[in-house]
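Participant: Below are the sequence and a predicted model; questions follow.
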Amino acid sequence: MYSNDFLFSSHLNYQINSAKSAESETDIPDKDILSINLKKCDFKEFSKALLFEKNKNPDFNFMDSSLDAVKPSNFSPDKKYNFLDLTEYAKHTAITIGNMTLFSELQKIASASEAFNAISTAHSSTTAPLVRSFNDYDSFSIKAQPTTLEELGSCVIGGGNEGAIKIAATFHESSTSTHPIISVRFYSLNNGVYLTNRDIIGIDNIYKANASLMETFAYMSYHDYMNNHFNYSFDKILISDSIEIDSLDDMYTKHYDLRIYDKLYA
């Protein structure tokens with residue numbers, strides 16, 4: 001984790017300029033963009049990669065100008081940074097300072113970064129996969145990943161003005177067995193419609209010491225599925241007196257220490 005002197009410009013003055021136009025990337029070959037390493041690249045390369053991923057997947061509908069929130073205060077355009085770490089640090093700093101608008105944008109950026117990193121790693125790999133005989137698999141405990149339509153877990157909470165809300169977790173289209181990514185959808189039981197937004201949460205990217213309840217729900221749903229449970233772990237939080245959830249906003253503003261869960265159940 002970066003030290004405190006790595007203060008993000010967003011802490012002092014974060015404004016999303018929706019009128020800012022993105023640099024055109026139409027003349028850049030895909031193979032050149034896929035060669036970008038988000039763990040060691042400059043900001044221009046980072047922007048190219050994220051806009052490339054956003055154009056491929058409309059779920060990553062962050063504002064282009066919000067990428068500036070990842071820059072450190074001593075930012076240098078020619079310096080190479082680990083933007084996966086910087087994005088995570090910025091996201092959890094946004095929670096700390098209570099800027100949920102910034103957190104929402106950074107959540108989308110973090111998910112897009114994870115998705116891009118997965119495809120760029122696969123693109124750059126030249127090692128042939130290890131081929132095993134069928135007998136070799138007898139020593140493995142294989143858990144097949146379900147389709148993106150199968151629920152890993154769900155719960156119902158009070159949604160404030162929206163009434164009762166069903167929250168459901170599934171695997172996202174970009175999820176892999178080594179990098180699980182969870183899609184969380186919201187369904188208004190009062191109105192009988194899905195809400196337009198959804199959260200995309202990379203399990204490996206969750207800051208366990210201060211996870212939002214939405215991240216907690218995704219994390220527990222994933223691990224319940226891997227342990228052949230359904231609606232088990234997060235339900236225990238809902239029926240306890242430790243946390244009250246009165247609206248969908250509480251799923252973002254209230255937090256849980258997942259290290260406790262790992263110690264007890266992992």
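Facilitator: Perfect, thanks for sending it.
Participant: got the residue ranges for the helices in the stretch 1-150 of the chain?
Facilitator: Under the criterion DSSP state H, counting those that start in this stretch, the stretch 1-150 of the chain contains helices at 9-12, 30-34, 43-56, 83-97, 100-124.
Participant: could those be laid out in CSV, adding mean pLDDT and distance to Ser65?
Facilitator: (Each C-beta comes from the backbone N, C-alpha and C, glycine too.) Putting those into CSV (pLDDT from 0 to 100; distance: least, CB to CB, whole Å) gives the following:
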stretch, mean pLDDT, distance to Ser65
helix 9-12, 40, 11
helix 30-34, 81, 20
helix 43-56, 92, 10
helix 83-97, 80, 14
helix 100-124, 80, 9
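Participant: Of those helices, which is nearest Ile157?
Facilitator: Closest to Ile157 of the helices of the stretch 1-150 of the chain, according to CB to CB: helix 100-124, at 17.2 Å.
Participant: and the closest one, how far from the chain's centre?
Facilitator: Centroid displacement of helix 100-124 relative to its chain, using CA atoms, centre = their mean, to the nearest Å, is 7 Å.
Participant: which other helices and strands contact that helix?
Facilitator: Counting contacts by 3 or more CB pairs under 8 Å, 6 or more residues apart in numbering; DSSP states H and E, helix 100-124 packs against helix 30-34, helix 43-56, helix 83-97, strand 181-188, strand 193-202, helix 250-253.
Participant: could you redo those as a markdown table and give each row distance to Cys155?
Facilitator: A markdown table is the format used below for those (distance: least, CB to CB, whole Å):
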| stretch | distance to Cys155 |
| --- | --- |
| helix 30-34 | 38 |
| helix 43-56 | 30 |
| helix 83-97 | 21 |
| strand 181-188 | 11 |
| strand 193-202 | 14 |
| helix 250-253 | 10 |
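Participant: returning to what we had before: with distance to Glu173 and mean neighbour count added, can I get the helices of the stretch 1-150 of the chain in a markdown table?
Facilitator: As requested, the helices of the stretch 1-150 of the chain are arranged in a markdown table below (distance: least, CB to CB, whole Å; neighbours: other CB atoms under 10 Å):
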| stretch | distance to Glu173 | mean neighbour count |
| --- | --- | --- |
| helix 9-12 | 29 | 16 |
| helix 30-34 | 18 | 13 |
| helix 43-56 | 11 | 19 |
| helix 83-97 | 20 | 20 |
| helix 100-124 | 9 | 20 |
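Participant: can you list those in TSV and add distance to Tyr252?
Facilitator: Shown next, in TSV, are the helices of the stretch 1-150 of the chain (distance: least, CB to CB, whole Å):
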stretch	distance to Tyr252
helix 9-12	17
helix 30-34	32
helix 43-56	22
helix 83-97	8
helix 100-124	6
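Participant: Assign a three-state SS to Ile165, would you?
Facilitator: When the structure is reduced to helix, strand and coil (DSSP: H, G, I helix; E, B strand; the rest coil), Ile165 reads as strand.
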